[in-house]
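A.B. asks: From the sequence below, what's the structure:
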Amino acid sequence: QRYTDFNFYEEGGSKAIFKAQDQMTQRQVAFAKLKGSATKGQTENFLREARINALLQHPNIVPVYDIGINEDEPFFAMKFVHGRTLADIIRSLRKNESSTSAEYSRTELIDIFLKICDATSYAHSNGVLHLDLKPENIRIDNFGDVQLCDWGLARLIDGSDKITDEFGSLEQYSINQEDMNKLTVDGYIKGTPGFMAPEQAGSTEDRKGIPTDVYSLGVILYYILSYKEAFRGDINAIIAKTLEGDFCKPSVHRENIPKALESICLKAMSLRAVDRYNSVSTMKDDILSYRNGYLTSAEEKGLWKVFSLFIKRNKAVSFSLLASFILILILSFAYVDSLKNERDKANKALALAQEEKEKRQYLSDLGVDFFIKQAKQMVVFHSFEEAEKVIEQIPESEFTEAQKIQVRDLFGRVAFYRQQYNKALTLLEGTKE
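C.D. replies: Prediction:
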């Protein structure tokens, strides 16, 4: 027998998962088989999941190794992923467990999310919808490898597998493992309340398609950002809220959520499919735009927002531009200041010229003889310095020869009174010419 050493691991929906040993390859595998007595429809869905999963070969999609019949029961063997689910990690982060917080920052969680986007986008490129994307179906092994699991609700989107929007009673919906502990649900599964899109929850306005998986990815991103479920309550309440788009923004639950990431999350979770991202790759591109400092398509396009993002992603260039601007500003102020100084000098020179002109006009109006007469009176009273100042303010060009002789005579007398006899003699002899 090829598969031995079966140990129950977990169950979900209509199948049970066991850890088993593959004797042919000598490796541990996840062995999936139907639990209990399965109906024909359940068997067909089980084999459909195995075939679709086997079709998808991607580093972030758990690989199927084998499909067959064991003891008259269908089975398929997959890679066994050691580690934790994304749901386990978020629950630990919500409890603020230090070891988990140190290992899984927001950056690491977004890295995990991007890998799930890659896996989902790859599946879409191969015509496959997952239709049950949720944290419980995302496993991270002990070395950080990310695997998207459980393709039980997956459907092909080509002509060979028409997707209908006909829904039955509430009992046809799947619930996660926590809800399974409270309620037993049988029948054909459609999605997981709290993570499925409105069109999976009974909305007939939109048909299931790529935007359906985009919506579920948006809810997962919500969970990563806020550590909270977008929709809470019993199953009926969750489905009603899903159909109405009734949920709080992630930032209500947790502070410091980047506005860009919240906008991406809210766009992916739009009630109408047409308002969501038209592909998973477009959603991923927006997250990468945020990481690289560019504006995302989910944000309002404001000039200041574009400018601030440019500065953040080009810090060196922005610093150089700022330094250059400051230098130019300083040089401009210096240049303006020098112009002001030159202007002040010109104004001062103009004022002096005007003053000289007015002085000359004043002297012209009074006449040189008037000032000579004043100076003579000052000499009589021995105010020699004042007499000299009166004469000195008269430009030499204004004197006639006769007036020059009078001035020399006056200055000769002043020199004599000061006992400067040689100077007095020189000046007085000049008056005889």
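A.B. asks: Compute the number of surrounding residues for residue 260.
C.D. replies: Residues near residue 260, counting by other C-beta atoms under 10 Å, number 21. C-beta coordinates here come from the backbone N, C-alpha and C atoms, glycine included.
A.B. asks: Three-state assignment for it, please.
C.D. replies: With DSSP: H, G, I helix; E, B strand; the rest coil as the basis, the three-state label of residue 260 is helix.
A.B. asks: From residue 263, how far out is the nearest residue to it once chain neighbours are set aside?
C.D. replies: Counting by C-beta to C-beta, 6 or more residues apart in numbering, residue 260 lies nearest to residue 290, which is 4.2 Å off, once chain neighbours are set aside. The spacing between residue 290 and residue 263, counted by C-beta to C-beta, to the nearest Å, is 9 Å.
A.B. asks: which neighbours do these two share?
C.D. replies: Counting by C-beta atoms under 8 Å, 6 or more residues apart in numbering, the common neighbours of residue 290 and residue 263 are residue 296.
A.B. asks: Which helix or strand in this structure has the lowest average pLDDT?
C.D. replies: Each helix and strand of the chain was given a mean pLDDT (mean pLDDT, DSSP states H and E); the minimum falls on helix 177-180 at a mean of 39.
A.B. asks: all helices of the stretch 101-250 of the chain, in order?
C.D. replies: Here the stretch 101-250 of the chain has its helices, by DSSP state H, counting those that start in this stretch, at 106-125, 177-180, 210-226, 235-244, 250-253.
A.B. asks: Tabulate those helices (JSON lines), appending distance to residue 91.
C.D. replies: Supplementary listing: those in JSON lines, determined by distance: least, C-beta to C-beta, whole Å:
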{"stretch": "helix 106-125", "distance to residue 91": "13"}
{"stretch": "helix 177-180", "distance to residue 91": "10"}
{"stretch": "helix 210-226", "distance to residue 91": "10"}
{"stretch": "helix 235-244", "distance to residue 91": "18"}
{"stretch": "helix 250-253", "distance to residue 91": "14"}
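A.B. asks: rank those by mean pLDDT and give me the bottom one.
C.D. replies: Taking the mean pLDDT of each of those, the lowest value is held by helix 177-180, a mean of 39.
A.B. asks: Sketch out the low-pLDDT regions of this structure for me.
C.D. replies: Residue ranges of the chain with pLDDT under 70: 158-190, 203-204, 299-315, 318, 359-366, 397, 430-433.
A.B. asks: ok, back up a step: if you compare the helices of the stretch 101-250 of the chain, which one is most tucked away?
C.D. replies: Ranked by average neighbour count under the criterion mean count of other C-beta atoms under 10 Å, those are headed by helix 210-226 at a mean of 25.
A.B. asks: export that helix as PDB, just CAs?
C.D. replies: What follows is the C-alpha trace of helix 210-226 in PDB, where atoms were taken according to Å, rounded to 0.1, in the frame of the first residue of the first chain:
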ATOM      1  CA  ILE A 210     -12.900  37.700 -11.400                       C
ATOM      2  CA  PRO A 211     -14.300  40.600  -9.400                       C
ATOM      3  CA  THR A 212     -15.800  38.000  -7.000                       C
ATOM      4  CA  ASP A 213     -12.300  36.800  -6.000                       C
ATOM      5  CA  VAL A 214     -11.100  40.500  -6.000                       C
ATOM      6  CA  TYR A 215     -13.800  41.200  -3.300                       C
ATOM      7  CA  SER A 216     -12.600  38.300  -1.200                       C
ATOM      8  CA  LEU A 217      -9.000  39.500  -1.500                       C
ATOM      9  CA  GLY A 218     -10.200  42.900  -0.300                       C
ATOM     10  CA  VAL A 219     -11.800  41.400   2.800                       C
ATOM     11  CA  ILE A 220      -8.500  39.500   3.500                       C
ATOM     12  CA  LEU A 221      -6.600  42.800   3.100                       C
ATOM     13  CA  TYR A 222      -9.100  44.400   5.500                       C
ATOM     14  CA  TYR A 223      -8.300  41.600   8.000                       C
ATOM     15  CA  ILE A 224      -4.600  42.100   7.600                       C
ATOM     16  CA  LEU A 225      -4.800  45.900   8.100                       C
ATOM     17  CA  SER A 226      -7.200  46.000  11.000                       C
END
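A.B. asks: helix, strand or coil for the nearest residue to residue 50 once chain neighbours are set aside?
C.D. replies: Closest residue to residue 50 in three dimensions, ignoring its sequence neighbours and counting by C-beta to C-beta, 6+ apart: residue 76, at 3.8 Å. Look at residue 76: counting by three-state DSSP, its state is strand.
A.B. asks: Could you give the bridge partners of residue 76?
C.D. replies: Each beta-bridge partner of residue 76 is listed here: residue 32, residue 67, as defined by DSSP bridges.
A.B. asks: ok, it touching residue 69?
C.D. replies: No: using C-beta atoms under 8 Å, residue 76 and residue 69 do not qualify as a contacting pair, with a distance of 10.6 Å.
A.B. asks: picking that back up, could you say which helix or strand contains the residue nearest to residue 260?
C.D. replies: For residue 290, the host element (DSSP states H and E) is helix 280-291.
A.B. asks: Isn't the residue nearest to residue 260 up against residue 257?
C.D. replies: No: with contact taken as C-beta under 8 Å, residue 290 and residue 257 are classed as non-touching, separated by 11.8 Å.
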